[in-house]
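> I need the structure of the sequence given here:
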Amino acid sequence: MSAVPLPAPLDLARAAERVRALARQHGFQRCGVSGIDLADDEAHLADWLGQGLYGTMDWMARHGTLRARPAELLPGTVRVISVGMDYGHKDDTEAWNTLHDGNRAYVARYALGRDYHKLMRNRLQKFADALAAEIGTFGYRVFVDSAPVLERALARNAGLGWIGKHTCLIDRQGGSWFFLGEIYIDLPLPVNAPASAHCGTCTRCIDVCPTQAIIGPQRLDARRCISYLTIEHDGAIPEDMRPLMGNRIYGCDDCQLVCPWNKFARRTDEPDFRARNALDTATLAELFAWEEEEFLRRTEGSPIRRSGHERWLRNIAVALGNAPGHPDTLAALHARASHDSALVREHVQWALQQHARLDNGG
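As a prediction, the model looks like this:
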């Protein structure tokens, strides 16, 4: 009886080359491999949590150190494959034009189209399956904002970019308009060199923040961040924050729009990321008129849906309070003055008071 031949040992360097090639084939513009030592980042996270800068995002504190310890999240993990997918369009001028037009609604560029989570997760799964088909079975799990993961630190260590002063990841050749995803693996692949930082003395992102939420380099006070206030925060928006929000109804891009490195940003025309429902040009009054059924229909497959109709109206009411005193603005607010939600009514009343104060020369 002849012996069964043993499989050839895996060529890890060759496998790493295939990782990068397969990433490109599956629609990712950047890819790298990192180890799992995040001790310095864990200390930074602990300090941030200790200062309460996470606001009401209790899940940030609840998972604690697990976020910085990949091998505890997925036992057996020794490496992490990080990928980036571009979502930025050539619309910086249009974005600024919207921000300067108080009658129009500003939606963060990432949320104008289809929710990226499902698209990226499907591609990551196919990518991992294709790699397993080539090199043999290995242990892995894919993540796209689906577990406590320090994705920016891992991506930095994998060479995808450095963490800018605004806390977004910046690629020297590609700016910051890209999404991140990860594959935790049990293969000791060769790791990439970490990205070095190139923000220098620039403070444009800190200076431009409408609410001064960036309180220092890589230090964000979520409680003041418009993205947090419009998306994550439940309940009333603090009154001192409302006038500073302008017409931003879902997220905020100012810190990325002013970043000098984004002149190198790679632009994409991924169909799923194209604007839907004219969200890049719609007026506040038009969007405020959406009843819940219409909101759910129009936001199907969109990241906006998870905020819910009540928060949607809350956010737009604030923006209408900051808008010019156009008859359509006042009519839209009066139409919601008796809304079933006390939260919506409170923000509508604030908006009407803002206009009344201006009319009285206040």
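
> surely residue 183 is in a strand?
Yes - using DSSP: H, G, I helix; E, B strand; the rest coil, the secondary structure at residue 183 is a strand.

> just grab the bridge partners of it for me.
Legend: beta-bridge partners of residue 183 under DSSP bridges are residue 81, residue 142.

> which residues in the stretch 51-200 of the chain form helices?
Taking DSSP state H, counting those that start in this stretch as the test, the helices found in the stretch 51-200 of the chain are 58-62, 70-73, 92-99, 116-135, 151-157.

> so for the longest one, what's the average pLDDT?
Helix 116-135 comes out with an average pLDDT of 95.

> chain center to stretch 324-336: distance?
Relative to its chain's centre, stretch 324-336 lies at 31 Å (Cα atoms, centre = their mean, to the nearest Å).

> and it, average pLDDT?
Rounded mean pLDDT across stretch 324-336 is 95.

> buried ones in it?
326, 328-330, 332-333, 336 (16 or more other Cβ atoms under 10 Å). C-beta here means a position set from N, CA and C on the backbone, and glycine is covered the same way.

> report the two of those separated the most.
By the measure Cβ to Cβ, 326 and 336 form the most distant pair in those, at 15.9 Å.

> just give the nearest non-adjacent residue to residue 60, would you?
residue 54 (4.4 Å; Cβ to Cβ, 6 or more residues apart in numbering).

> neighbours of that neighbour, just the number please.
For residue 54, the count of nearby residues is 19 (other Cβ atoms under 10 Å).

> how much space separates it from residue 228?
Applying Cβ to Cβ, to the nearest Å, the value for residue 54 to residue 228 is 9 Å.

> swap in residue 150?
18 Å.

> repeat that for residue 304.
To residue 228, residue 304 is 15 Å away according to Cβ to Cβ.

> so for the two, which sits in the more crowded spot?
Of the pair residue 304 and residue 228, residue 304 is the one with more neighbours under other Cβ under 10 Å, namely 24 against 21.

> phi, psi for the more buried one please.
The phi/psi pair for residue 304 (degrees, to the nearest 10) reads phi -70, psi -30.

> is it true that it touches residue 107?
Yes - using Cβ atoms under 8 Å, residue 304 makes contact with residue 107 at a distance of 7.4 Å.

> overlap in contacts, these two.
Contact criterion Cβ atoms under 8 Å, 6 or more residues apart in numbering; residues shared by residue 304 and residue 107: residue 250.

> isn't residue 80 up against residue 154?
Yes - using Cβ under 8 Å as the test, residue 80 is close enough to residue 154 to be in contact (5.0 Å).

> so what sits against both of these two?
34, 70, 182.

> could I get those as CSV with distance to residue 311, pLDDT and neighbour count?
Shown next, in CSV, are those (distance: Cβ to Cβ, whole Å; pLDDT from 0 to 100; neighbours: other Cβ atoms under 10 Å):
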residue, distance to residue 311, pLDDT, neighbour count
34, 35, 98, 25
70, 33, 97, 28
182, 28, 98, 25
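
> redo these as JSON lines? Include distance to residue 96.
Formatted as JSON lines, the shared contacts of residue 80 and residue 154 follow (distance: Cβ to Cβ, whole Å):
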{"residue": "34", "distance to residue 96": "35"}
{"residue": "70", "distance to residue 96": "39"}
{"residue": "182", "distance to residue 96": "33"}
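
> for the helix or strand where residue 297 lies, list every residue counted as buried.
Per DSSP states H and E, residue 297 falls inside helix 292-298. Going by neighbour count (16+ other Cβ under 10 Å), the buried part of helix 292-298 is 295, 298.

> distance from it to the middle of the chain?
23 Å.

> now stretch 200-209
19 Å.

> what comes into contact with that stretch?
Taking contacts as Cβ under 8 Å, 6+ apart, the residues outside stretch 200-209 that touch it are 164-166, 214, 216-217, 254-260.

> could you turn the buried ones of the residues you listed into a PyMOL selection?
Applying 16+ other Cβ under 10 Å to the contacts of stretch 200-209 leaves a buried subset, and the PyMOL line that selects it is:
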select buried, resi 164+165+166+214+254+255+256+257+258+259
